[in-house]
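K.L.:
Return a 3D structure for these sequence lines:
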Amino acid sequence: MPKLTQKDILNNILKRAFDQEVQQKAKYAFLAGTVKDKRLIKIFKVFEHTAQSHIAELQQEMYNLDIK
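P.N.:
Predicted structure coming up:
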């Protein structure tokens, strides 16, 4: 059985992290649209924005490492 290289492991980790952040962003966008409490809406929008910044960071890192 072939062993995974460090690049393969990093590739898998970054792709999984990217997918998780996309799901988190979608979840918080959905929650912000379904709740009525303005404080909760604001919190969910902050969480959504944070997930978007994480997505941007991951995309930049993946681009730098030539991960598609």
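K.L.:
Can you give me the pLDDT of the spatially most central residue of the chain?
P.N.:
Compute the mean C-alpha point of the chain, and by C-alpha atoms, centre = their mean the closest residue is Glu21, 1.7 Å away. pLDDT, Glu21: 98.
K.L.:
name the helices or strands packed onto the helix or strand hosting it?
P.N.:
Using DSSP states H and E, Glu21 sits in helix 6-34. Here helix 6-34 touches helix 38-64, going by 3 or more C-beta pairs under 8 Å, 6 or more residues apart in numbering; DSSP states H and E. For the C-beta atoms, the positions are set from N, CA and C on the backbone; glycine is no exception.
K.L.:
any weak-confidence spans in this structure?
P.N.:
Applying pLDDT under 70 to the chain flags no residue at all.
K.L.:
again, only this time at 80
P.N.:
Scanning the chain for pLDDT under 80 picks out 1, 68.
K.L.:
Tell me, how many residues neighbour Thr34?
P.N.:
Other residues lying near Thr34 total 10 when counted by other C-beta atoms under 10 Å.
K.L.:
can you check Ala56 too?
P.N.:
Ala56: 11 surrounding residues under other C-beta under 10 Å.
K.L.:
go on, Gln20?
P.N.:
There are 14 residues near Gln20, going by other C-beta under 10 Å.
K.L.:
if we can go back for a sec, next up, the contacts around the residue nearest to the centre of the chain.
P.N.:
With contact set as C-beta atoms under 8 Å, 6 or more residues apart in numbering, Glu21 has these partners: 51, 54-55, 58.
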